[in-house]
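Engineer: Just the structure for this:
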Amino acid sequence: MTDIANLRKSYERAELSEAASHADPVRQFTQWFDEARRSAVPEPNAMTLATVGSDLRPSTRVVLIKEFDARGIVWYTNYDSRKGCELAGNPFAALQFHWVELERVVRIEGRVEQVDAAESDAYYASRPLDSRIGAWASPQSQVIESRTVLVSAAAQYGARFLLNPPRPPHWGGFRLVPDRWEFWQGRKSRLHDRLRYRLQAGAWVRERLAP
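Structural biologist: Down below sits the predicted model:
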């Protein structure tokens with residue numbers, strides 16, 4: 001049996017200083033995201049999304065970032081899924097990117113809103129046909145009897161819509177509007193670099209956190 005307690009790694013690839021970081025967290029994220037893409041990190045756009053339901057139980061899942069700018073971070077999903085229902089009741093959430101190969105983590109917190117219908121329509125139209133049909137076929141997060149249910153539903157919707165399925169009314173984008181960012185760079189001896197940005201009176205305050 002593997003001795004898990006002795007699994008250790010020394011983080012020595014890079015550092016994150018105030019002098020070398022951007023005052024604007026979106027610019028800092030853009031730099032790190034671009035570096036992750038250039039470094040051929042597997043799925044650099046994969047992020048963990050944490051929500052809390054009305055039962056106060058937190059839940060996480062991995063989703064894919066599809067857009068980001070000064071307004072926030074965007075992903076797409078079924079609004080009737082567990083995450084969609086939890087966000088409808090509690091619109092605050094957290095995101096985390098973990099780029100293992102670069103020894104970096106980005107954490108983002110804020111309020112979540114639905115993107116407007118035109119944005120959702122445009123992204124939906126850009127998806128492969130199978131994915132557009134899948135958005136109709138899958139009652140995401142609901143209990144189903146077997147995979148056959150999904151395959152059968154996909155066939156039925158494929159026959160119904162052919163090459164032009166419209167965007168389902170229960171499917172679209174969410175945007176997390178950040179009020180906190182944290183950039184974590186692994187360092188030797190567990191003395192990691194952590195820079196947090198928090199929104200205060202409309203401006204970003206950058207501060208160092210102890211590891």
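
Engineer: okay, now the nearest residue to residue 211 once chain neighbours are set aside: neighbour count?
Structural biologist: Spatial nearest neighbour of residue 211, excluding adjacent residues (Cβ to Cβ, 6 or more residues apart in numbering): residue 192 at 3.9 Å. Backbone N, C-alpha and C define where each C-beta goes, glycine included. A total of 18 residues lie near residue 192 under the criterion other Cβ atoms under 10 Å.

Engineer: what helices or strands is the helix or strand hosting residue 47 leaning on?
Structural biologist: Per DSSP states H and E: residue 47 is located in strand 46-52. Using 3 or more Cβ pairs under 8 Å, 6 or more residues apart in numbering; DSSP states H and E as the contact criterion, the elements in contact with strand 46-52 are strand 58-64, strand 72-78, helix 82-89, strand 92-99.

Engineer: quick one: which of these is nearest residue 27?
Structural biologist: Shortest separation from residue 27 across the helices and strands packed on strand 46-52 is recorded for strand 72-78, at 14.5 Å, computed as Cβ to Cβ.

Engineer: picking up where we left off before, between the helices and strands packed on strand 46-52, which one is nearest to residue 14?
Structural biologist: Closest among these, using Cβ to Cβ: strand 92-99, at 11.1 Å.

Engineer: Within its sheet, name the partner strands of the closest one and how each one runs.
Structural biologist: Strand 92-99 pairs in its sheet with strand 46-52 (antiparallel), strand 104-114 (antiparallel), by DSSP bridges.

Engineer: just to revisit the earlier point, residue 13 is in contact with the residue nearest to residue 211, correct?
Structural biologist: No. Between residue 192 and residue 13 there is no contact under Cβ atoms under 8 Å: 11.7 Å.
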